[in-house]
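In: Output the structure for:
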Amino acid sequence: MSRASTSDAAADDLDAESRNVSGLIFQMTTHVSAFKRAVDVLGTGKDTRELRAKLHEQREKLGVMARDASLAVKRLAQAVTNAVDVDDEDKAEHVAKHQKLVKDFHAVLKDFQKAQRTCAERESTFLPQKGKGKTSYGTMDEESGEGEAAYQDTQQLMQQQQQRSDFAQVDGELEYNNALIEERERGIMEIQQQIGEVNEIFQDLAVLVNEQGSMIDDIEANIVSTAVRTKDAQKELTKADKSQRAARNRLICIVIAVLVSLIVLILFLLQ
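Out: Reported below is the predicted structural model:
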């Protein structure tokens, strides 16, 4: 395979890697938008445990997507760095593309992290709404023939039942609220952990940007050096061409001088 064909194949591989990274970033951008819309519902009348469970699933999925995209960005950076079969100009173009992808990824990560913080603030401030239960109360038909004692016994029994019902309801409310608080605390801890993971990805991206800055400088230096060498080679070729022409002219002059000398000698001998 010729060097040109090898270079084209290597460039195609880099293009495929770039498209893969771009697709991952696009998917994450779409999911972050959906996550932000769900976060906006927190603290409203539509804030429910089901919503918070959905937010938990979305956060988990976005965390996986962020890690996958980060790995893909790193693989692409490594591929660009190791692309020895790609000429410097094409390599500089791929580095520029990668830098744009890093910038886009950084933007969506920043958007996600901002939404995470908003989610943590609202979940810590508000509790989800509880569906209203129906409380049914029994009815009692008082028959006209009942005595006062029977009526008082019935009233006392109803009060006891109501008290037990109230205690059970209070216990249920406490248990429900405790469960909500525990869920909220777990959710906030998960968000804080994810924010830490996103910060680590930010640090990795900063390292990539610095490395690529150095790579761009090296590529530009190579391009300038190649241009200088090409210019020097052109000068040498021009100089060699001039020398060759001068040598050819000298040879022609010598031949002419020899011919003239021969003609003069022949004429002299004929006399």
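In: Could I get the average pLDDT for the particular helix or strand that has I25 in it?
Out: I25 belongs to helix 3-39 when assigned by DSSP states H and E. Helix 3-39 carries an average pLDDT of 86.
In: Helix, strand or coil: sort out L127 for me.
Out: The local conformation at L127, judged by DSSP: H, G, I helix; E, B strand; the rest coil, is coil.
In: could you pull out the helices for the stretch 1-150 of the chain?
Out: 3-39, 49-81, 88-125, 148-270 (DSSP state H, counting those that start in this stretch).
In: Same list (these) but as JSON lines, adding mean neighbour count.
Out: For glycine as for every other residue, the C-beta is placed from the backbone atoms N, C-alpha and C. Below are the helices of the stretch 1-150 of the chain laid out as JSON lines (neighbours: other Cβ atoms under 10 Å):
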{"stretch": "helix 3-39", "mean neighbour count": "16"}
{"stretch": "helix 49-81", "mean neighbour count": "17"}
{"stretch": "helix 88-125", "mean neighbour count": "18"}
{"stretch": "helix 148-270", "mean neighbour count": "12"}
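In: quick one: low-confidence parts of the stretch 101-250 of the chain?
Out: By pLDDT under 70, the low-scoring segments of the stretch 101-250 of the chain are 131-155, 165-174, 176-177, 213-236, 240-241.
In: what about stretch 257-271, distance to the chain center?
Out: Chain-centre distance of stretch 257-271: 90 Å, with Cα atoms, centre = their mean, to the nearest Å.
In: should've said stretch 245-262
Out: 75 Å.
In: could you give the angle of the helix holding I25 to helix 88-125?
Out: Per axes from the mean of the first three to the mean of the last three Cα atoms, to 10 degrees, the angle that helix 3-39 makes with helix 88-125 is 10 degrees.
In: Give me the packing partners of helix 3-39, helices and strands only.
Out: Packing partners of helix 3-39 (3 or more Cβ pairs under 8 Å, 6 or more residues apart in numbering; DSSP states H and E): helix 49-81, helix 88-125.
In: Which of the ones you listed sits closest to R186?
Out: helix 49-81 (8.8 Å; Cβ to Cβ).
In: Against which helices or strands is that closest one packed?
Out: Applying 3+ Cβ pairs under 8 Å, 6+ apart, we find helix 49-81 packed against helix 3-39, helix 88-125, helix 148-270.
In: any chance of the ones you listed in a markdown table, plus distance to R52?
Out: Compiled in a markdown table, these are given as follows (distance: least, Cβ to Cβ, whole Å):
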| stretch | distance to R52 |
| --- | --- |
| helix 3-39 | 9 |
| helix 88-125 | 7 |
| helix 148-270 | 7 |
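In: what about those, which gets the closest to T81?
Out: Evaluated with Cβ to Cβ, these place helix 148-270 nearest to T81, the distance being 6.5 Å.
In: Contact partners for D204?
Out: S70, K74 (Cβ atoms under 8 Å, 6 or more residues apart in numbering).
In: hang on, the earlier thing: mind checking the helices and strands packed on helix 3-39 for the one nearest to G43?
Out: Distance to G43, taken as Cβ to Cβ, is lowest for helix 88-125 among these, at 5.1 Å.
In: quick check: angle from that closest one to helix 49-81?
Out: If you take the same axes, to 10 degrees, helix 88-125 sits at 160 degrees to helix 49-81.
In: For helix 88-125, name the packing helices and strands.
Out: For helix 88-125, the elements it packs on are helix 3-39, helix 49-81, helix 148-270, judged by 3+ Cβ pairs under 8 Å, 6+ apart.
In: so which of the ones you listed comes closest to D87?
Out: Evaluated over these, closeness to D87 peaks at helix 3-39, with 6.0 Å, by Cβ to Cβ.
In: as a whole number, average confidence for stretch 59-71?
Out: 93.
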